[in-house]
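*Asks:* Here's a sequence, model it:
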Amino acid sequence: MGAKFRCLVCGLCFTLVGCPGPGDRSNPVYPAKLEINDGHVCIKAETYVGEYIYRTEILSSEENESVIRYSARSIQPEWALTQQCLPTYGFTFLPGRKYLVAYAVSKEGVKQHRIIEASFTIP
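*Replies:* Predicted coordinates for the structure are as follows:
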C-alpha cells in the first residue's frame, strides 16, 4: 500500500504541475541586443508595430541601485520601436557591476505581454 500511495502522489503532482503549454500564463522572454558606445548603454530588441513599454526593471548587483518603472498607457505610451535604443530613464550603469534589464511590452488588444531582457556587465 505504501509504494502504491507514493506512486499515486507522484503521478498526481506531475499531472497538476505539468509542462509549459499554450494554457500557461507565463510570459515569453526574448533576448535583447546590447551596444555600449562611449560608456552609453543602448539596449535594442525586435518589437512589433504598436507595442508599448508596460514596465521596466533595471536590476543591479548593488541592491540600492535597482529601479522599477511602470508606464501608464492611459497617459502617454512609451513606444517600443524596433532596433531603436529602449529607454533606460537616465540610469547610470557603472563599470564592474552586473545588470539585468527587463522590459515588459504589450500591445492594445493583446492579453499577454512579452518580456525583453538583457543581462550584462559593464567592462
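*Asks:* Can you tell me the strand partners of the helix or strand hosting I58 and which way each runs?
*Replies:* Using DSSP states H and E, I58 falls within strand 51-60. Paired strands of strand 51-60, with direction, are strand 67-70 (antiparallel), strand 78-79 (antiparallel), strand 98-107 (antiparallel) (DSSP bridges).
*Asks:* Now do the buried residues in the next helix or strand after the last one.
*Replies:* Stepping forward along the backbone from strand 98-107, the first helix or strand reached (DSSP H and E) is strand 114-121. Within strand 114-121, the residues that qualify as buried by neighbour count (16 or more other C-beta atoms under 10 Å) are R114, I115, I116, E117, A118, F120. Where you see a C-beta, it was placed from the backbone N, CA and C, and this is true even at glycine.
*Asks:* from the residues you listed, which single one is nearest I53?
*Replies:* I116 (8.9 Å; C-beta to C-beta).
*Asks:* What residues does the closest one make contact with?
*Replies:* Residues in contact with I116 (C-beta atoms under 8 Å, 6 or more residues apart in numbering) are V29, Y30, P31, A32, A45, T47, A80, L86, A102, Y103, V105.
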